[in-house]
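Chemist: How does the following fold in three dimensions:
(chains A and B)
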Amino acid sequence: MTLDLLPIDQRARIVAVDWNALVPEEARRLRALGLEEGATVSIAHRGVAGGRDPIAIAIGRMTIAVRRAHAHAMEVSPL
Amino acid sequence: MSRQRKIALVGNPNAGKSALFNALTGARQKIANYPGVTVERKSGRMVLPTGEPVEMTDLPGAYGLDATSPDEEVTSKVIAGKFAGEAEPDVLVIVLDASNLEQHLVFAQELLALGKPSVVALNMVDLAERDGLVLDAAVLEEELGVKVVPTVAVRRRGLAELGEAIASAESRHAGPGLTDLGPTERRVAAHAMANAAILSESKQHRLHARLDQVLLNPWLGPLILFAFLFVVFQAVFAWAAPLMDGLDAGAGWLHDTVKAAMPAGLVRDLLTDGVISGVGSVVVFLPQIVILFAFILAMEASGYMARAAFLMDRLMAYVGLSGRSFIPLLSSFACAIPGIMATRSITDPKDRLTTILIAPLMTCSARLPVYAVIIGAFIPNTNLGWGIGLQGVVLFGLYVAGIVGAMIVALLLRSSITKGAASGFIMEMPKYQMPRLKDMAIGLWQRAWIFLRRAGTIIFTVTVVLWVLLNFPQARPGESQVDASIAGKLANGLAVVVEPIGFNRDMALALIPAMAAREVAVSSLATTYAVDAGDDEDQQAVELGDRLKGRWSLPMALAFLAWFVFAPQCMSTIAVTRRETNGWKWPSFMLAYLFGLAYVAAGVTYWIAVGVGL
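Modeler: I've put the predicted structure just below:
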């Protein structure tokens, strides 16, 4: 399943990222923040009322906000 | 070696660099811009424990040397010594957030691989301990091969040790293997190092996670944000009022004192009617600007600003922008200049350009003087019930008109000129912190000083020039001074253009000097009517509203308000846009589209108002 569908607070490992689906600059920034293959993540919050965008991802001791489209490019396996 | 050594603070965003910088250099700071880009260059002096004075610069936060935004580019160029006009730093102070080591060590390794003399500041160890994380600096020191000093910038802990480490930092050869690591290997190494350095870690619930449960709640979060923004704007208008009255009274007192003390004549009139009234009518707005900036600085320092961006992202996405644009746009309510400068953190160039182009539509504090005078004179303060007055509703309407205008323009731009892939939103949410009073005070002082300098230079000059243009040549007996003056003749020319939208000659006259800054419109109306009234006038500012009432109709006043919602009457904004976009193309476009909008909006307002018989 992809990261955007992960239930809140469910830990998962990123197993594959479709880097081609992302703008190169954004792909670089996601990598710089550690959102890449092998990272353990969970979803901390979802966006405003009903809209499920953006998504706040907990990774390590950080919280990173991304759009759903970014999370959709990441394949995860729940732990 | 007589040259002063240069020390650079470098690290990820949210590593607490600025607080450390403030603690190390105190108030001896210089804020300027890096040439060619509007990235703030903060530098200050520090004396090392050895007695050696050094220059310290605070480089913009970055995630790596591989830049993805203009400010990251500055950082990587300066470190490499490739930034024109900027000496290569002699020592790097790599600032790490102790509670986010795994992330921050990735960039640290990249920096250390450069082999420059370096020191690591393990910053905010107190916050890490609050979160139940105890670290061993010695382990990190061994792994990284440079001195690691635990610091708490706010409590001045570790500063002396850091100074000693800087003084004795030497060139090193990067350990083998460190230089040729790729990003993924660095991350693996960072993970291992961070784990090795942890002495103890408790899994206690962290404070910020709990705060986020409430503040980022999909229903409650936006409500809290809007309630907070309401308080901010309430504060800007209500809390500032007594201070503004005080400043106003002070300017009036100075005006009268000078008038009484000096012999009558042109010099006295220039000083009182020109300088004191003109500059005074603008300085009055200092309290509002300081209050608004206090909230914005507190939002940034506490970490709430990033949450606000998160909450606003969905709304901004509707017009093709992202939550990142919310921060510059909110700052633009104080002043478009820091707002436009804050766009440098927006990664996507088209997103950034769109934000720059709409920033002047946010109702900045310079419009307030204009709005306040016109609304005060023409809109009756009818009570609409529940303590809501008609004047307040009109003012609110003007703010809304600016915001709605900005959203429509953004939507149009994003589907035409700045068309491109839908912009993304990737942003680290920093930990919550209590804003530090000292950092806030330094930030506020800098903003206030910039504003006062502007009042003292641009507005001073414009007011004096206008006064001269209004007073020469002197009118013959029986002729109005304004009609006879150079300014009056200039305005007659402009009046032809603005007559179709209901403006009279005096309004046209106010628009000319207001090109420098919007608030000058008030002082120039005041100056014009004071000159026009001749010698029997006094207390011109107080009576300005009454004077306007006698000369303008309600549709004219409304048209004038509508004009100021859109008109790009601010030289500084145009200048900063030029610097920010590296050329005249975008500031010219901005001028053209905003004047076009202003003209149409004022015209439509005027004719509708006349049509319904106001």
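Chemist: Okay, strands next: where are they in the chain?
Modeler: Just so you know, I chose chain A. Under the criterion DSSP state E, chain A contains strands at A:12-17, A:40-46, A:55-59, A:62-66, A:74-78.
Chemist: could you do chain B instead?
Modeler: B:6-11, B:29-33, B:40-47, B:53-58, B:91-97, B:118-123, B:133-135, B:148-150, B:198-201, B:427-429.
Chemist: can you give me how far the fourth one is from the chain middle?
Modeler: Computed by Cα atoms, centre = their mean, to the nearest Å, the chain-centroid distance of strand B:53-58 equals 25 Å.
Chemist: what's near enough to touch residue 45?
Modeler: Answering for chain A, as no chain was given. A:8, A:55, A:56, B:212, B:216, B:218, B:310 (Cβ atoms under 8 Å, 6 or more residues apart in numbering or on different chains). C-beta: built from backbone N, CA, C; applies to glycine.
Chemist: You answered for a different chain; I wanted chain B.
Modeler: B:25, B:28, B:53, B:54, B:55, B:56.
Chemist: re the thing from before, most neighbours per residue, which of the strands of chain A?
Modeler: Comparing the strands of chain A by mean neighbour count (mean count of other Cβ atoms under 10 Å in any protein chain shown), strand A:62-66 ranks first with a mean of 24.
Chemist: That strand vs chain B: in contact?
Modeler: Yes - residues of strand A:62-66 contacting chain B under Cβ under 8 Å from any Cβ of the partner chain: A:62, A:63, A:64, A:65, A:66.
Chemist: In chain B, what residue lies closest to chain A?
Modeler: residue B:63 (3.7 Å; Cβ to the nearest Cβ).
Chemist: For that residue, which non-adjacent residue is closest in space?
Modeler: residue A:32 (3.7 Å; Cβ to Cβ, 6 or more residues apart in numbering or on different chains).
Chemist: Okay, domains of chain B per the record?
Modeler: B:6-201, B:458-612 (the TED database).
Chemist: start to end distance for stretch A:46-62?
Modeler: By Cα to Cα, to the nearest Å, the extent of stretch A:46-62 from end to end equals 16 Å.
Chemist: can you check stretch B:110-120 too?
Modeler: Using Cα to Cα, the end-to-end distance of stretch B:110-120 comes to 13 Å.
Chemist: tell me the average confidence for it?
Modeler: For stretch B:110-120, mean pLDDT rounds to 90.
Chemist: who's in contact with residue A:55?
Modeler: Residue A:55 neighbours (Cβ under 8 Å, 6+ apart): A:3, A:4, A:43, A:45, A:46, A:47, A:65, A:66, A:67, A:68, A:71.
Chemist: Now do the second one against chain B, distance only.
Modeler: Looking back up the chat, that one is residue A:4. 14 Å (Cβ to the nearest Cβ, to the nearest Å).
Chemist: Likewise for the fifth one?
Modeler: Distance check for residue A:46 against chain B: by Cβ to the nearest Cβ, it reads 7 Å.
Chemist: Does residue B:335 touch residue B:368 like I think?
Modeler: No - checked against Cβ atoms under 8 Å, the pair residue B:335 and residue B:368 is beyond contact range at 11.2 Å.
Chemist: Quick check: the residue of chain A nearest chain B.
Modeler: For chain A, Cβ to the nearest Cβ, closest residue to chain B: residue A:32, 3.7 Å.
Chemist: What residues does the stretch 251-400 of chain B have near chain A?
Modeler: B:306, B:309, B:310, B:311, B:313, B:314, B:315, B:317, B:322, B:323, B:347, B:348.
Chemist: need the residues of chain A near chain B, please.
Modeler: A:23, A:25-26, A:28-34, A:36, A:44-51, A:53-54, A:56, A:60-67, A:69-70.
Chemist: Quick check: ChimeraX command selecting the buried ones in these.
Modeler: To isolate the buried ones among these in ChimeraX, judged by 16 or more other Cβ atoms under 10 Å in any protein chain shown, type:
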select /A:23,25,26,28,29,30,31,32,33,34,36,44,45,46,47,48,53,54,56,60,61,62,63,64,65,66,67,69,70
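Chemist: now, which of the residues of chain A next to chain B lie within helices?
Modeler: Under the assignment DSSP state H, these contribute A:25, A:26, A:28, A:29, A:30, A:31, A:32, A:69, A:70 to helices.
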